[in-house]
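J.: missing the sequence, but the structure's below:
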């Protein structure tokens with residue numbers, strides 16, 4: 001998988017963000033990410049230029065799991081960190097994981113955007129359309 005990340009942060013928490021994509025016909029997408037406080041499966045909303053929409057599952061296991069629940073591939077294992085309420089950084093004691101997976105679009109047509117789920121426990125590091 002090849003990813004390009006064009007964001008000042010290393011990841012985003014899903015909050016319903018709409019991501020404009022280069023308009024084109026794609027058959028699926030690959031993503032790199034993880035969940036925290038449990039594993040999560042939530043739909044992304046794919047918007048086509050003709051007004052059609054499609055929901056496709058975005059499935060990511062909890063970052064502390066070494067064996068993913070949704071048949072993702074473990075893409076990275078290392079030390080994780082969390083921001084505390086007072087904005088300090090706290091290093092995790094046990095290893096954490098980033099997972100890679102792909103989803104397939106069922107509809108055909110020109111895609112103009114995707115909307116991420118409204119689940120801040122899902123963290124996306126990269127998305128690539130193919």
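T.: Structure received. All values reported here derive from a predicted model rather than from experimental measurement. Numbering: from 1, shown residues only.

J.: list the contacts for residue 57?
T.: 41-44, 103 (CB atoms under 8 Å, 6 or more residues apart in numbering). For the C-beta atoms, the positions are set from N, CA and C on the backbone; glycine is no exception.

J.: From residue 101, how far off is residue 128?
T.: Remark: distance between residue 128 and residue 101 (CB to CB, to the nearest Å) = 12 Å.

J.: Need the residues touching each of the two.
T.: Contacts common to residue 128 and residue 101, judged by CB under 8 Å, 6+ apart, are 30-31.

J.: ok, the two, which is more surrounded?
T.: Neighbour count, other CB atoms under 10 Å: between residue 128 and residue 101, residue 101 has more, with 21 against 17.

J.: That one against residue 28, yeah?
T.: No - applying CB atoms under 8 Å, one finds residue 101 not in contact with residue 28, separated by 10.5 Å.

J.: I'd like the distance between residue 118 and residue 54.
T.: From residue 118 to residue 54 the distance is 17 Å (CB to CB).

J.: neighbour count winner among the two?
T.: Taking other CB under 10 Å, residue 118 and residue 54 do not tie; residue 54 has more neighbours (16 against 11).

J.: which residue sits closest to the more buried one, ignoring its sequence neighbours?
T.: residue 46 (4.5 Å; CB to CB, 6 or more residues apart in numbering).

J.: residues near residue 44, how many?
T.: The number of residues near residue 44, taken as other CB under 10 Å, comes to 20.

J.: in what helix or strand does it lie?
T.: Following DSSP states H and E, one finds residue 44 within strand 40-48.

J.: Give me the contacts around that strand.
T.: Taking CB under 8 Å, 6+ apart as the rule, strand 40-48 contacts 14, 53-60, 70, 103, 105, 107, 109-119, 121-122.

J.: Mind doing that once more with 7 Å?
T.: 53-60, 70, 105, 107, 109-117, 119, 121-122 (CB atoms under 7 Å, 6 or more residues apart in numbering).

J.: In strands, which of those residues fall?
T.: Judged by DSSP state E, the contacts of strand 40-48 include 53-60, 111-115, 122 as members of strands.

J.: Alright, calling it a day.
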